[in-house]
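S.K.: predicted model follows, preceded by the sequence.
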Amino acid sequence: MSTANLPAIRACRPAWNKGRIVGQKRPLQPKHVWAIRVRLEIAERTRELALFNVAIDSKLRGCDLVRLKVADIYAAGQVKHRAAIIQSKTRRPVSFEITDGTRKAIGAWLEAPQMVGSEHLWPGRFHERRHISTRQYARLVRDWVTSIGLEPSAYGTHSMRRTKVAQIYRKTGNLRAMQLLLGHTKMDSTVRYLGVELEDALAIAEAVEI
């Protein structure tokens with residue numbers, strides 16, 4: 001019996017996304033932010049508290065967050081109230097605020113022995129690594145959300161980027177401001193990123209009773 005025309009038999013592989021929640025990662029709610037902060041403060045995890053606060057305030061992509069340098073946020077003997085960097089993805093500048101709580105956390109971290117002579121705000125543990133990697137940052141985010149009982153597959157580094165802008169948009173509805181804060185070049189990107197159309201549609205539906 002000839003087998004020349006028979007289809008090849010391949011072993012079935014499980015889908016890469018089997019058991020995973022795919023799509024946009026959820027932003028943290030204010031209660032989640034405070035719960036994580038309290039846990040980090042109690043545990044005296046100075047670096048992680050500073051990193052968590054900067055991630056929320058800056059709204060930066062993970063690749064830009066891990067590359068932050070001390071000079072980006074610290075000058076004239078104090079932590080800046082506002083900072084600006086060039087985004088690695090778009091090569092465009094983006095500015096962000098540094099709130100009082102974040103400034104205090106950064107100040108405490110800069111006094112740590114690990115920061116003596118460090119150029120980067122989040123130095124790597126090994127000499128060949130100038131700063132922590134995005135993978136290390138992602139593991140920390142996973143630890144943070146897991147510590148307060150959230151499903152880790154539903155959250156990620158983009159959750160940190162989306163958290164503050166999601167709250168600002170709910171309060172103001174100002175898409176142009178969100179575009180500037182996120183450093184997007186196109187408004188369409190901001191609309192998709194925030195899931196604005198869905199959020200608006202749901203808000204309208206919730207306000208209508210039949």
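M.R.: That came through fine.
S.K.: which residues in this protein form strands?
M.R.: Along the chain, counting by DSSP state E, strands occupy 74-75, 78-79, 82-86, 93-97.
S.K.: what inclination does the third one have with respect to strand 93-97?
M.R.: Put plainly, it is strand 82-86. Angle of strand 82-86 versus strand 93-97, following axes from the mean of the first three to the mean of the last three C-alpha atoms, to 10 degrees, is 160 degrees.
S.K.: now do the buried residues in strand 82-86.
M.R.: Residues of strand 82-86 classed as buried by neighbour count (16 or more other C-beta atoms under 10 Å): 83, 85. No exception for glycine: its C-beta is placed from N, CA and C like everyone else's.
S.K.: same thing with the last one?
M.R.: Across strand 93-97, burial judged by 16+ other C-beta under 10 Å covers 94, 96.
S.K.: pretty sure residue 62 is touching residue 138, no?
M.R.: Yes. The criterion here is C-beta atoms under 8 Å, and residue 62 meets it with residue 138 at 6.9 Å.
S.K.: about what we covered before: could you redo the strands of the chain as TSV and give each row distance to residue 125 and mean pLDDT?
M.R.: Output for those, formatted as TSV (distance: least, C-beta to C-beta, whole Å; pLDDT from 0 to 100):
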stretch	distance to residue 125	mean pLDDT
strand 74-75	21	95
strand 78-79	24	96
strand 82-86	23	94
strand 93-97	26	92
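S.K.: ok, now which ones touch the residue sitting nearest the centre point of the chain?
M.R.: In the chain, the C-alpha nearest the mean C-alpha coordinate belongs to residue 160, at 2.9 Å (C-alpha atoms, centre = their mean). By C-beta atoms under 8 Å, 6 or more residues apart in numbering, residue 160 lies in contact with 28, 52, 55-56, 62, 65, 141.
S.K.: so how far is residue 186 from it?
M.R.: Per C-beta to C-beta, to the nearest Å, residue 160 is found 22 Å from residue 186.
S.K.: can you give the domain ranges for this structure?
M.R.: Listed by automatic domain parsing, the domain ranges of the chain are 25-153, 162-210.
S.K.: weakest of those domains in terms of mean pLDDT?
M.R.: Note on the domains of the chain: lowest mean pLDDT is at domain 162-210, with a mean of 76.
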